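Q: sequence and predicted structure, then a few things I'm wondering about:
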Number of protein chains: 2
Amino acid sequence: MGQLLEITDVTAKTRAACCAPLAKEPLGQADAEQLATTLKALADPARLRLLSIVASSEGREACVCDLTDPIGLSQPTVSHHLKVLTEAGFLTRSKRGTWAYYRLVPEALEQVSALLVTA
Amino acid sequence: MGQLLEITDVTAKTRAACCAPLAKEPLGQADAEQLATTLKALADPARLRLLSIVASSEGREACVCDLTDPIGLSQPTVSHHLKVLTEAGFLTRSKRGTWAYYRLVPEALEQVSALLVTA
DNA sequence: GAGGGATATTGATGAACGTCGATGTTCAGT
DNA sequence: ACTGAACATCGACGTTCATCAATATCCCTC
């Protein structure tokens, strides 16, 4: 009891919250695989750009139509990248009319950031 | 003038220091590719485990012989992963006798960590 | 309900990656 | 010099992944 995580937002399924900071103790195989999956979602130029565009947009959200052009990739490819980022927990999707809006989940990035710090 | 970076260690070739934080402004193509390369070095279970073992070892360093067994991969594969981490700036290599010691570069992880934070 | 626009899914293709066995290299000790 | 140990490099193989064109789905409007 007295778990530290009780304070955090329960609704956010922060998949990156898998383990102690890297430098704290050796990662187990399962934890390493989970963290790697999360990091792999970030380790792509197109997805990093998509994330940063969304993050610096008003309300920290943007629709696909605003993202396709500046990225310079086809619409299906952009859609695919957004799906990867969403499944990794970095974005959430909400459809309004014909448009799909993707919103940043700041806690997800903070989680990953916290795991990498040397403590 | 008054650059923030002047304070940081000059000797460390922190390759991750490419750009402003993700949420600050949209990443350019070149910056995104560089960051992605750095993150790709982290986005692998074996490399994450290697990093964490080194990070939690005495003096934040370890030789290959101490790493091969706990990882459960062949020696060439471990050697390859260590090379990737070194080229990404997360480790440095120093040979003493027959042994090769890999030491953690904490600043590199801190750099990446700082870029992901939502600011 | 028919047409059109925005987004998601599918299938295919080429490149990048993780892994290993085999071999090369360097160094300590005999 | 020779042998053995520690580590790196090479070449090959199977898998994963980014990307696109084509197609499907959903929703608005007329």
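A: Sure thing, it's come through.
Q: residue ranges with poor pLDDT in chain A?
A: A:1-17, A:119 (pLDDT under 70).
Q: where do the helices sit along it?
A: Listed in chain order, the helices of chain A (DSSP state H) span A:29-42, A:45-55, A:64-71, A:75-87, A:106-116.
Q: return the most buried member of those.
A: Comparing these by mean neighbour count (mean count of other CB atoms under 10 Å in any protein chain shown), helix A:45-55 comes out on top with a mean of 25. Every C-beta, even on glycine, is put in place using the N, C-alpha and C of the backbone.
Q: what's the most centrally placed residue in chain A sitting at in phi/psi?
A: The residue lying closest to the centre of chain A (CA atoms, centre = their mean) is residue A:90, at 1.9 Å. The phi/psi pair for residue A:90 (degrees, to the nearest 10) reads phi -90, psi -20.
Q: measure it to DNA strand C for me?
A: 14 Å (CB to the nearest atom of the strand, to the nearest Å).
Q: please name the nearest non-neighbouring residue to that residue.
A: Closest residue in space to residue A:90, ignoring its immediate chain neighbours: residue A:108 at 4.8 Å, by CB to CB, 6 or more residues apart in numbering or on different chains.
Q: on that earlier part again, what would the helices of chain A look like in JSON lines with distance to residue B:70?
A: Shown next, in JSON lines, are those (distance: least, CB to CB, whole Å):
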{"stretch": "helix A:29-42", "distance to residue B:70": "10"}
{"stretch": "helix A:45-55", "distance to residue B:70": "32"}
{"stretch": "helix A:64-71", "distance to residue B:70": "41"}
{"stretch": "helix A:75-87", "distance to residue B:70": "30"}
{"stretch": "helix A:106-116", "distance to residue B:70": "20"}
